[in-house]
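>>> okay, predicted coordinates and the sequence, questions at the end:
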Amino acid sequence: MTHFLDIHTTTPADLRQMIDTGRAMKDARKGRPKGAPDDDLPLAGHMVALIFEKPSTRTRVSFDVGVRQMGGQTMVLSGKEMQLGHGETIADTARVLSRYVDLIMIRTFEEQTLLEMAEHATVPVINGLTNRTHPCQIMADIMTYEEHRGPIAGKKVVWSGDGNNVCASFLHAAGQFGFDFTFTGPPTLDPEREWIDFARTKGVEVAIERDPNKAVDGADLVVTDTWVSMHDPESAKERRHNQLRPYQVNEDLMARARPDALFMHCLPAHRNDEATSAVMDGPHSVIFDEAENRLHAQKAVMRWCLGK
């Protein structure tokens, strides 16, 4: 079964194929209304289940639109509607859904929910996000960087802030796409050692630099994310802000990166917390190209999963 569960569990050749396919599909749609179908319809006759235990804007809309553009249909389900893992085991839900749909995308909390769904489903499963990783976002980010600056291999990517699930998938991508990665943030919010070690075993340089000014020297890409994730408790907000305030991406920090460096944020953003509006709306920013490319990259992921 061809699941898309994480970047580090997918071969570099397959990842490259998906990025190239996404760019080709995007180019082919230039000038068309958003609701117009693609030239080819690889998902014609296919039903895709979109499961959301976590709320979503970009993931829900981009997957839904992408399926429709490729000729398929979607069934959007919330965790409350399904009582996922409560009223019925995840394994049984996976087996039942596989009788109704051709592909499952799940956006959930625990990684184990995703893995159990994939283990028991007889159709492909896509990781739309877990508390631990967010591979679809980073596929869009790689696509965005390369359409603006060419191959990302050998470049320096700097993550400023919380070593969260998006940061984890960036570390996976560093190993699979061959770029160096620097994390700058407080020690309490370092990315998982397992992901740092994974990237290093692939031969890329991974650095931890507590001083954000030193970290961004020579950066080709600077990335951040919200300081408080949706699964974090309310009590964590003030503590997180105090820890992360020195790692805000502002104009002074961006000035230390390369002159042609790009800035990314997966959104939604808390403007003037993790990044200033001046940076988000400034000349380095590609955040809305990045958001759009969720659509194109995920269409390529779905095609790959279905062998299309």
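It's in.

>>> Met105: which element?
Secondary structure assignment for Met105, by DSSP states H and E: strand 103-107.

>>> what's the first helix or strand after that strand?
Next along from strand 103-107, by DSSP H and E: helix 111-120.

>>> quick one: that following helix to strand 103-107, angle?
Put simply, helix 111-120 runs at 170 degrees to strand 103-107, going by axes from the mean of the first three to the mean of the last three C-alpha atoms, to 10 degrees.

>>> pLDDT on helix 111-120, on average?
Across helix 111-120, pLDDT averages out at 98.

>>> who touches that helix?
Residues outside helix 111-120 that contact it (C-beta atoms under 8 Å, 6 or more residues apart in numbering): 1, 3, 5, 53, 84-85, 90-95, 104, 106, 108, 125, 127, 130-133. Placement of C-beta: from N, CA and C, glycine included.

>>> list the residues that contact Leu97.
Counted by C-beta under 8 Å, 6+ apart, Leu97 has contacts Ala49, Ile104, Ala121, Val123.

>>> swap the cut-off to 6 Å and go again
Going by C-beta atoms under 6 Å, 6 or more residues apart in numbering, Leu97 touches Ala49, Ile104.

>>> what does His8 give?
With C-beta under 6 Å, 6+ apart, His8 has these contacts: His172, Phe198.

>>> three-state assignment of it?
Under the three-state scheme (DSSP: H, G, I helix; E, B strand; the rest coil), His8 adopts helix.

>>> state the distance from it to His265.
Distance check for His8 against His265: by C-beta to C-beta, to the nearest Å, it reads 23 Å.

>>> coming back round to it: restricted to strands, list the contacts of helix 111-120.
Counting by DSSP state E, the contacts of helix 111-120 place Ile104, Ile106, Val125, Asn127 in strands.

>>> measure the spatially closest residue to the third one that is not a sequence neighbour to Arg239 for me?
Which is Val125. Of all residues not flanking Val125 in the chain, Ala118 sits nearest, at 4.2 Å (C-beta to C-beta, 6 or more residues apart in numbering). Going from Ala118 to Arg239 by C-beta to C-beta gives 34 Å.

>>> tell me the contacts of the residue positioned nearest the centre of the chain?
Note on the chain: the residue nearest the mean C-alpha position is Gln137, at 1.7 Å, using C-alpha atoms, centre = their mean. Each residue near Gln137 by C-beta under 6 Å, 6+ apart is listed here: Val166, Cys266.

>>> just give the nearest non-adjacent residue to Asp211, would you?
Nearest non-adjacent residue to Asp211, counting by C-beta to C-beta, 6+ apart: Thr184, 7.2 Å away.

>>> what about that neighbour, neighbour count?
24 (other C-beta atoms under 10 Å).

>>> go on, Asp40?
Applying other C-beta under 10 Å, we find 13 residues neighbouring Asp40.

>>> thinking again about what came up before, between Ala118 and Arg239, point out the one with more neighbours.
A side-by-side neighbour count of Ala118 and Arg239, using other C-beta under 10 Å, places Ala118 first with 20 against 12.

>>> how close does that one sit to Phe181?
27 Å.

>>> same question for Arg256.
Distance of Arg256 to Phe181, given as C-beta to C-beta: 17 Å.

>>> what ranges does the stretch 1-150 of the chain have for its helices?
In the stretch 1-150 of the chain, the helices defined using DSSP state H, counting those that start in this stretch lie at 12-28, 58-69, 79-82, 90-100, 111-120, 135-149.

>>> now the last one: mean pLDDT?
Model confidence over helix 135-149 averages 98 on the pLDDT scale.
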